[in-house]
Each structure stands twice: as structure tokens, then as C-alpha cells.
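Asker: build me a model:
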Amino acid sequence: METKRPAKVHTLKTALEKLRKYCAYQERTQQEARDKFYELGLHQREVEQGISLLIEEGFINEDRFAIAFAGGRFRIKQWGKNKIKSELRLRKISEYCIRKALSLIDDKDYIKALEKLIAQKGISTKGVNEAQKKYKVARYAIGRGFESDLVWGLLNAEVG
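Answerer: Model prediction:
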């Protein structure tokens with residue numbers, strides 16, 4: 001069994017250098033940076049001081065993170081707003097930042113993505129009857145984070 005070697009204890013100055021590179025590479029949350037500081041062996045007072053310095057210097061910005069995260073998960077992974085929202089909450093992003101990021105997802109693109117998802121899943125879903133097939137497609141789309149009223153509205157509009 002492999003044991004994890006304790007991290008070399010860094011000073012705040014050396015840890016900040018590492019964290020600047022870490023945050024410059026891709027958007028990070030305050031919690032990710034905080035965890036990294038602790039990994040580097042810093043104590044709570046130094047960690048909080050380091051976090052506030054990174055925020056002042058613009059290396060950490062939760063608004064920017066939430067917007068990038070929401071946009072990427074929607075465009076690339078085709079996630080719905082509910083799934084994006086719950087994932088951002090897990091990462092301890094404020095409700096204000098979450099609302100702002102989700103509001104930037106274009107409604108037309110969102111509906112198009114859901115329609116495409118429903119069409120693709122409808123083709124690949126095998127059901128005994130049309131009602132079962134519709135249920136399976138809806139369950140899949142809702143599982144991807146799309147709102148149930150929107151999913152059912154589109155599914156019922158196709159039939160009607």
C-alpha cells in the first residue's frame with residue numbers, strides 16, 4: 001500500500017508563486033486554491049491571507065469561474081441548468097454568481113440543445129410502446145439537468 005508523503009512545508013511566498021501558476025493555468029474556485037494551500041503545508045491564517053492576495057491580484061474570481069464553468073458544461077457536455085447549478089453549489093460558488101452564469105446561457109441555444117438531445121435519445125431508445133419510450137427519453141433529459149416542465153413540454157408538443 002502506497003502512503004502519501006507529507007508535502008514539503010512552503011512559506012507563504014513560495015506557496016503564492018505556485019498558486020499563481022495554478023490559477024493562471026485555468027479558472028479556479030476559492031475552495032480549490034484553499035485546498036492547494038493546505039496541501040503545500042500552510043496554516044489557516046496564511047491560507048486566508050494568500051486567498052485574499054490572489055483575489056486582489058485577479059487570479060481568483062468566482063464570477064469568472066462560474067461563467068466559464070456554466071458555459072463550458074452547457075456547450076461541451078450538453079448539461080442542463082439544474083445539473084450545472086448543483087455542480088457549482090458543490091464547488092461552494094455563491095448563489096449570485098450561479099444565477100449570473102446561468103442567465104448568460106442563451107435561451108434559444110438551450111432549447112435547441114434540449115430538442116437535439118430528445119431527438120437523439122428518441123432514436124436510440126427502445127420502448128414497448130410510445131408512452132414508455134417518452135418516459136425513458138424524459139428521464140434521460142431530466143437526468144442531464146434539464147428542467148422537467150421544459151422536457152415534458154417539448155415531448156408533448158412533438159406528439160400533439
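Asker: quick check: residue 65 touching residue 93?
Answerer: Yes: assessed by Cβ atoms under 8 Å, residue 65 is found in contact with residue 93 at 7.0 Å. Just so you know, the C-beta spots here come from the backbone N, C-alpha and C atoms, and that holds for glycine as well.
Asker: intersection of neighbour lists for those two?
Answerer: residue 29 (Cβ atoms under 8 Å, 6 or more residues apart in numbering).
Asker: could you pull out the buried residues of the helix or strand of the chain with the lowest mean pLDDT?
Answerer: Ranked by mean pLDDT, DSSP states H and E, the weakest helix or strand in the chain is helix 148-159, scoring a mean of 87. For helix 148-159, a neighbour-count test (16 or more other Cβ atoms under 10 Å) marks 150-151, 154-155 as buried.
Asker: one more: stretch 40-60?
Answerer: 40, 42, 46-47, 50-51, 54, 59-60.
Asker: likewise stretch 131-147?
Answerer: So for stretch 131-147, counting by 16+ other Cβ under 10 Å, buried means 133-134, 136-138, 140-142, 144-146.
Asker: could you check the pLDDT of the nearest residue to residue 60 once chain neighbours are set aside?
Answerer: Leaving aside its sequence neighbours, residue 60 sits nearest to residue 54 (Cβ to Cβ, 6 or more residues apart in numbering; 4.6 Å). On the pLDDT scale, residue 54 is placed at 96.
Asker: hmm, residue 54 is touching residue 23, no?
Answerer: Yes: the pair residue 54 and residue 23 qualifies as a contact (Cβ under 8 Å) at a distance of 6.2 Å.
Asker: identify the contacts common to the two.
Answerer: The contact sets of residue 54 and residue 23 overlap at 33, 60 (Cβ under 8 Å, 6+ apart).
Asker: that older thread, can you tell me which of the buried residues of stretch 40-60 are in helices?
Answerer: 46-47, 50-51, 54 (DSSP state H).
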